[in-house]
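**Q** pasted the sequence and its predicted model underneath.
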Amino acid sequence: MKIGLYGYENAGSTTLFNAITGFNIPTGFSGDRQQTHLGTVKVPDPRLDVLTGLYNPKRTIHAELVFTDFPAASREKKALSNIQEAKSMDLLVLLVGAFSSDGQKPDPVGELENLLTEMVIVDLEHVSKYLEKQRKLPASAAGKDPRLVALVERLLPHLENGLPLRSFGLTSEEETALRGFSFLTLKPALAAINVDETRLSEKPDEAMDRLAEHHRVRPFLLSARVEEEIGRLAPEDQELFLADLGLTEKLSGRLLRAAYDLANLMCFFTVGPDEVRAWTIEKNTPAKQAAGVIHSDLEKGFIRAEVFTYDDIVEVKGNEAELKKRGKVRLEGKDYIVRDGDILHVRFNV
């Protein structure tokens, strides 16, 4: 899963990137504001740690997310200058500054509104150019899909009214048909509100809530500077610092959990003496498709999957033979919907 960080200058996007990834990229005037930064983050999951203890494998592999910190723009310019790169992201984090900087009063609602409006305009321009091109093509032109054209035509007035496609009410089939467009206002998005540490326990104000609801994005309060400082402490000191702030875990865990929830994602596991591993899939994914996430050969030659739950294997302390005796190991076919925390042994034949 790829997550893009966007924001204006001094909103703290690179500080947030450092807090999440553990990197130490220079920020402020000492940093390169035109540089794109990439970092991979392991998704913390206590269940994976428990399974590692039960199976004692040669290696443990966490699910991973790739974060991209895009160059910050001045408030007089477009923040989404890297449109194609933004379209390649699976989820967008729109960072706005809600703290005083250089004596200037913050305007997080205005910043977020500008970012969200930019996304609508990008999609509107894409739709307009597509429809203009389609109108010039003869009806018999190869590859022309009248149903897709009709669907995109329905989107036009919605975008012209300044509304995101998240609020259009598309069916799952329609979303699949539009996947190739990579519309920005269809992507899940977090509105990350960067506040002073004294405001971490507060809730977003009403104006921010209304704007977020209008564009179907989720507000998320954080203090990037404080979280970056916490990340540099020893683990035992981190817990004390977090407790003082009324928090129970670091930003990386809170943000990744919010991202998973917003993007409708979950994890299943594969276990054994060689490897214990977490795999990320969308919720409501059939077993055959989930097997393809492990390896394409498993999807092609899928026969069935042995399935048991995390809770059940923990109860028998990793003894799969005992689990089978208790009738807790199921054989499931290709249409079985994998659940969060399921453990799969895939049977296949290529």
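**A** Structure's in. What do you need?

**Q** tell me the buried residues in stretch 281-292?
**A** Ile281, Thr285, Pro286, Ala287, Lys288, Gln289, Ala290, Ala291, Gly292 (16 or more other CB atoms under 10 Å). Where C-beta positions appear, they are placed from N, C-alpha and C, glycine not excepted.

**Q** please apply the same query to stretch 188-200.
**A** Result for stretch 188-200 [16+ other CB under 10 Å]: buried residues Pro188, Ala189, Leu190, Ala191, Ala192, Ile193, Asn194, Val195.

**Q** what do you get for stretch 229-238?
**A** For stretch 229-238, burial by neighbour count (16+ other CB under 10 Å) applies to Ile230, Gly231, Gln238.

**Q** that stretch: end-to-end distance?
**A** Start and end residues of stretch 229-238 are separated by 9 Å (CA to CA, to the nearest Å).

**Q** that stretch: how far from the chain's middle?
**A** 25 Å (CA atoms, centre = their mean, to the nearest Å).

**Q** and for that stretch, what's in contact with it?
**A** With CB atoms under 8 Å, 6 or more residues apart in numbering as the test, stretch 229-238 has contacts from Asn18, Ala19, Gly22, Phe241, Leu242, Lys250, Leu251, Ser252.

**Q** now do the contacts for Phe168.
**A** Leu155, His158.

**Q** got the CA positions of stretch 130-143 in CSV?
**A** Only the C-alpha atoms of stretch 130-143 are listed here, as CSV (Å, rounded to 0.1, in the frame of the first residue of the first chain):
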residue,chain,number,x,y,z
TYR,A,130,-11.8,12.4,-21.6
LEU,A,131,-15.3,13.3,-22.7
GLU,A,132,-14.0,15.8,-25.2
LYS,A,133,-11.8,13.1,-26.7
GLN,A,134,-14.6,10.6,-26.7
ARG,A,135,-17.0,13.0,-28.5
LYS,A,136,-14.5,13.3,-31.4
LEU,A,137,-14.4,9.6,-31.9
PRO,A,138,-16.8,7.8,-34.2
ALA,A,139,-19.3,5.5,-32.5
SER,A,140,-17.6,2.5,-34.2
ALA,A,141,-14.1,3.4,-33.0
ALA,A,142,-12.2,0.5,-31.5
GLY,A,143,-12.1,0.5,-27.8
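
**Q** what's the average pLDDT for it?
**A** Average pLDDT, stretch 130-143: 84.

**Q** contacting residues around it?
**A** Against stretch 130-143 from outside (CB under 8 Å, 6+ apart): Lys144, Pro146, Val149, Val152, Glu153, Leu156, Phe181.

**Q** quick check: closest non-adjacent residue to the second one.
**A** Closest residue to Pro146 in three dimensions, ignoring its sequence neighbours and counting by CB to CB, 6 or more residues apart in numbering: Ala139, at 7.7 Å.

**Q** three-state assignment of the one you found?
**A** coil (DSSP: H, G, I helix; E, B strand; the rest coil).

**Q** from the chain's centroid, how far away is the helix or strand of the chain with the lowest mean pLDDT?
**A** For the chain, using mean pLDDT, DSSP states H and E, the weakest element among its helices and strands is helix 235-244, scoring a mean of 82. Helix 235-244 has its C-alpha centroid displaced from the chain centroid by 26 Å (CA atoms, centre = their mean).

**Q** could you identify the helix or strand that succeeds it?
**A** Remark: after helix 235-244, the chain's next helix or strand is helix 251-262, criterion DSSP states H and E.

**Q** mean confidence for that following helix?
**A** 85.

**Q** could I have the CA atoms of whichever helix or strand comes after that helix written out in PDB?
**A** For helix 251-262, the following helix or strand on the C-terminal side (DSSP H and E) is strand 265-270. C-alpha atoms of strand 265-270 as PDB (Å, rounded to 0.1, in the frame of the first residue of the first chain):
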ATOM      1  CA  LEU A 265      -7.900  -3.200   4.700                       C
ATOM      2  CA  MET A 266      -7.100  -6.100   7.000                       C
ATOM      3  CA  CYS A 267      -4.400  -8.800   7.600                       C
ATOM      4  CA  PHE A 268      -4.300 -12.500   7.400                       C
ATOM      5  CA  PHE A 269      -1.300 -14.700   8.300                       C
ATOM      6  CA  THR A 270       0.700 -17.600   7.000                       C
END
